[in-house]
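> Everything below, folded, please.
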Amino acid sequence: LTPQDNFDDSCEEVIGKSNFISLLVKFIPIITNAEEDRKYYDHLTLYLQAAVAYMNTSRWGEIRGNAALFSAKIIQCVDPSFAKTHLDCNTVVNTIMKLLQSRSARVRKRTAKSLSYLSNA
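Model prediction:
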């Protein structure tokens, strides 16, 4: 991130909508790190359930798209054996697939990006 001359521009550069994916890329591997005692693994099911709820009920497209990205990145980064036994990946994938039918182009774009995360899982 590069600082801007104007403070407001600098804040938008750091906090803006376009930086959510870069946040996920750095944050999700930390909470799904199997090397560090799996201390967040107990919460992953709850995180996925909340993301599915946001995908199904939020009236804001940005939230629905971000929930799809969040849940797909969790599934991508978590240990595959843990995902098979502890996470309801089918529900997440089915909910993400439903988002492809959204009227919002932004939601469809973020949903497509989340599916690219799942293709690597």
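> avg pLDDT for the strand or helix carrying residue 98?
According to DSSP states H and E, residue 98 maps onto helix 89-99. Averaging pLDDT along helix 89-99 gives 94.
> so what does that helix touch, helix or strand wise?
helix 41-57, helix 61-77, helix 105-119 (3 or more CB pairs under 8 Å, 6 or more residues apart in numbering; DSSP states H and E). All C-beta atoms are positioned from the backbone trio N, CA, C, and that covers glycine.
> and after the worst-scoring helix or strand of the chain on mean pLDDT, which helix or strand comes next?
Lowest mean confidence among the helices and strands of the chain (mean pLDDT, DSSP states H and E): helix 7-15, at a mean of 55. Moving toward the C-terminus from helix 7-15, the next helix or strand (DSSP H and E) is helix 20-31.
> Need the contact partners of that following helix.
The contact list for helix 20-31 (CB atoms under 8 Å, 6 or more residues apart in numbering) reads 40, 43-44, 66, 69-70, 73-74, 76-77, 113.
> Which among the residues you listed count as buried?
44, 66, 69-70, 73-74, 76-77 (16 or more other CB atoms under 10 Å).
> between these, which is closest to residue 97?
residue 69 (14.4 Å; CB to CB).
> Could you list the low-confidence segments of this protein?
By pLDDT under 70, the weakly predicted segments of the chain are 1-18, 34, 36-37, 120-121.
> Grab the nearest non-local neighbour of the residue nearest the centre of it.
With distances taken as CA atoms, centre = their mean, residue 70 lies nearest the centre of the chain, 1.0 Å away. Spatial nearest neighbour of residue 70, chain neighbours left out: residue 51 (5.2 Å); criterion: CB to CB, 6 or more residues apart in numbering.
> Residue 68 too?
Nearest residue to residue 68, sequence neighbours excluded (CB to CB, 6+ apart): residue 114, at 4.1 Å.
> related to what we said a few turns ago, would you turn the buried ones among the contacts of helix 20-31 into CSV with distance to residue 88?
Shown next, in CSV, are the buried ones among the contacts of helix 20-31 (distance: CB to CB, whole Å):
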residue, distance to residue 88
44, 11
66, 19
69, 18
70, 15
73, 16
74, 12
76, 15
77, 16
